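Peer 1: give me a 3D structure for the following:
(chains A and B)
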Protein chains: 2
Amino acid sequence: MLAGKRLEPGPVVLLTTAHKGRPNVMTLVWHMMVDFEPPLVAVVVSDSNHSFRALSATRACVIAIPAVAMAETVIQVGSCSGRDIDKFTATGLTPLPAEHVPAPLVGECFANLECRVIDTRLVRKFNLFVLEVVKAWTDPRQRHPKTIHHQGYSRFVVDGEMLKLKSRMR
Amino acid sequence: MLAGKRLEPGPVVLLTTAHKGRPNVMTLVWHMMVDFEPPLVAVVVSDSNHSFRALSATRACVIAIPAVAMAETVIQVGSCSGRDIDKFTATGLTPLPAEHVPAPLVGECFANLECRVIDTRLVRKFNLFVLEVVKAWTDPRQRHPKTIHHQGYSRFVVDGEMLKLKSRMR
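Peer 2: Have a look, this model is predicted:
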């Protein structure tokens, strides 16, 4: 459904987990905000992903948001499986301890959101998890970071021009 | 949660409904793909929106994707309520008949996705509907449309530079 590909371009993010002492990281495109207070996020993590099991078992993860300078690394993360390798070592990403969850923060990302799974009713049918963000970190050295958006078939779009349009949207 | 605002920028889209013969249209930011085959989309439509009732009652809608030239109109749609006015008339948007759902297509948008609600288990708690796209329309005259992304507080980012990075991501 090519038209649907146009719906997809939220920022490409990383999702980390840690299960049985083993950290892992995946690339995630299907996510959305669900509420602001408390901050809730929904994600679709395919059960064919190695992270699915860790997320299901630990009910915790970190969503780490990379800027465009990390694009090549992000693709690399999305092109291999934690089933086979330690992706942090393979990609050179820096795992840092989180405060509330066993999953690591990603040192290079400009934002890291520690999340707990709060609803699993749509996991069996749709691989859809509802998460609550329990702690948000931002890197003050990365100002005005540009994110990347997946358009499918090896094409990515970078944030472009900023529009200021008076809006009541929050 | 400002960091979460960085998660938000999927494209700003319009969502139309028709209930008791009355069409309506709202601006939607919280949506994500859930599956490709069949094409599934999740959306969060607040129960404070007039469209919530129409979507719940008819279990159908159209997601219409506007290009950046429509930005002002999109904001206008998001700044008033169908409770008070006929938003198609007020904004000059053109409602066109859809094939499978009572909700109208939006003539000016480059893509229109006719959708049926297929899961409502997360509606009561999270206002989250799972939709199946039953028909997708694209406007062949709008080539390489740029979409707009909400960053909160009257700021919007337009699609920028395109990166081609060899990726196994679909």
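
Peer 1: can you pull the pLDDT of residue A:45?
Peer 2: At residue A:45, the pLDDT value in this model is 96.

Peer 1: excluding chain neighbours, what is closest to it?
Peer 2: Excluding the flanking residues, the one nearest residue A:45 by Cβ to Cβ, 6 or more residues apart in numbering or on different chains is residue A:52, at 5.2 Å. Heads up, the C-betas are built off the backbone N, CA and C, glycines and all.

Peer 1: contacts for whatever helix or strand that neighbour lives in, please.
Peer 2: Per DSSP states H and E: residue A:52 is located in helix A:50-58. With Cβ atoms under 8 Å, 6 or more residues apart in numbering or on different chains as the test, helix A:50-58 has contacts from A:15, A:17-19, A:24-26, A:45-46, A:61, A:81-83, A:101-103, A:117, A:120, A:123, A:127, A:129.

Peer 1: rerun that using 6 Å as the cut-off
Peer 2: A:17, A:19, A:24, A:26, A:45, A:61, A:81, A:82, A:83 (Cβ atoms under 6 Å, 6 or more residues apart in numbering or on different chains).

Peer 1: can I get those residues in CSV including neighbour count and secondary structure?
Peer 2: As requested, those are exported to CSV (neighbours: other Cβ atoms under 10 Å in any protein chain shown; DSSP: H, G, I helix; E, B strand; the rest coil):
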residue, neighbour count, secondary structure
A:17, 28, strand
A:19, 19, strand
A:24, 27, strand
A:26, 24, strand
A:45, 23, coil
A:61, 31, strand
A:81, 14, coil
A:82, 23, coil
A:83, 10, coil
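
Peer 1: can you tell me which of those is closest to residue A:159?
Peer 2: Nearest to residue A:159 among those is residue A:26, at 22.2 Å by Cβ to Cβ.

Peer 1: once you drop chain neighbours, what's closest to whichever residue of chain A sits closest to chain B?
Peer 2: Relative to chain B, the nearest point of chain A is residue A:160 (2.3 Å; Cβ to the nearest Cβ). Excluding its sequence neighbours, the residue lying closest to residue A:160 (Cβ to Cβ, 6+ apart) is residue B:160, at 2.3 Å.

Peer 1: who's in contact with whichever strand or helix holds that neighbour?
Peer 2: Counting by DSSP H and E, the element that carries residue B:160 is strand B:155-164. Residues from elsewhere that reach strand B:155-164, judged by Cβ under 6 Å, 6+ apart: A:154, A:156-163, A:165, B:68, B:146-151.

Peer 1: of those residues, keep whichever come out buried.
Peer 2: A:156-160, A:163, A:165, B:68, B:147-151 (16 or more other Cβ atoms under 10 Å in any protein chain shown).

Peer 1: now for the residues you listed: which two are most distant?
Peer 2: A:156 and A:165 (25.0 Å).

Peer 1: my guess is residue A:27 is in a strand, correct?
Peer 2: Yes - assessed by DSSP: H, G, I helix; E, B strand; the rest coil, residue A:27 belongs to a strand.

Peer 1: and it, what is it in contact with?
Peer 2: Neighbours of residue A:27 in contact, by Cβ under 6 Å, 6+ apart: A:74, A:77, A:78.

Peer 1: bridged to the spatially closest residue to the second one that is not a sequence neighbour, which residues?
Peer 2: If you skip the residues right next to it in sequence, residue A:77 has residue A:27 as its closest partner in space, 5.0 Å away by Cβ to Cβ, 6+ apart. With DSSP bridges as the criterion, residue A:27 is bridged to residue A:14.
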